[in-house]
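Colleague: 3D model of this:
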Amino acid sequence: AGRPTDALSHFTEALQIQPKFSEARLKRAVALAVAGNSDHAKVELEFLIADEPDYADAHYQLGRVYTRLGDRAKASAHLQRFQRLRRP
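Modeller: Down below sits the predicted model:
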């Protein structure tokens with residue numbers, strides 16, 4: 001809700017309790033990106049995708065991060081992967 005720093009502390013706390021909580025990992029990475037730390041968000045999303053290669057939303061968010069970082073090829077690859085995973 002426009003307070004990424006507050007969100008980061010909550011997601012970090014949740015991950016201390018349950019380190020593999022995928023949704024918290026995803027949302028923490030999004031909060032990092034919103035807070036201006038796209039490089040750290042990229043690393044966290046890459047680890048999440050390594051653990052869960054078919055997690056569509058992680059590919060979508062990583063595509064957005066790569067867009068912010070100016071890597072259009074990687075952004076496109078992850079956004080295409082997101083679309084393939086979301087097809088019925």
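
Colleague: Please tell me I have it right and A7 contacts L26.
Modeller: No - with contact defined as CB atoms under 8 Å, A7 does not reach L26; the gap is 11.9 Å. (Each C-beta comes from the backbone N, C-alpha and C, glycine too.)

Colleague: and those two? which has more neighbours close in?
Modeller: Using other CB atoms under 10 Å as the criterion, A7 and L26 rank with L26 on top: 21 against 18.

Colleague: That one is in what secondary structure piece?
Modeller: Assigned by DSSP states H and E, L26 belongs to helix 22-34.

Colleague: Contacts for whatever helix or strand comes next after that helix, please.
Modeller: Next helix or strand after helix 22-34 toward the C-terminus (DSSP H and E): helix 38-51. Residues from elsewhere that reach helix 38-51 (CB atoms under 8 Å, 6 or more residues apart in numbering): 20, 22, 25-26, 28-30, 32-33, 55, 58-59, 61-62, 65-66, 68-69.

Colleague: mind checking pLDDT for the nearest residue to L79 once chain neighbours are set aside?
Modeller: In space, L79 comes closest to G63 once its chain neighbours are excluded; the distance is 3.8 Å by CB to CB, 6 or more residues apart in numbering. Turning to G63, the model gives it a pLDDT of 98.
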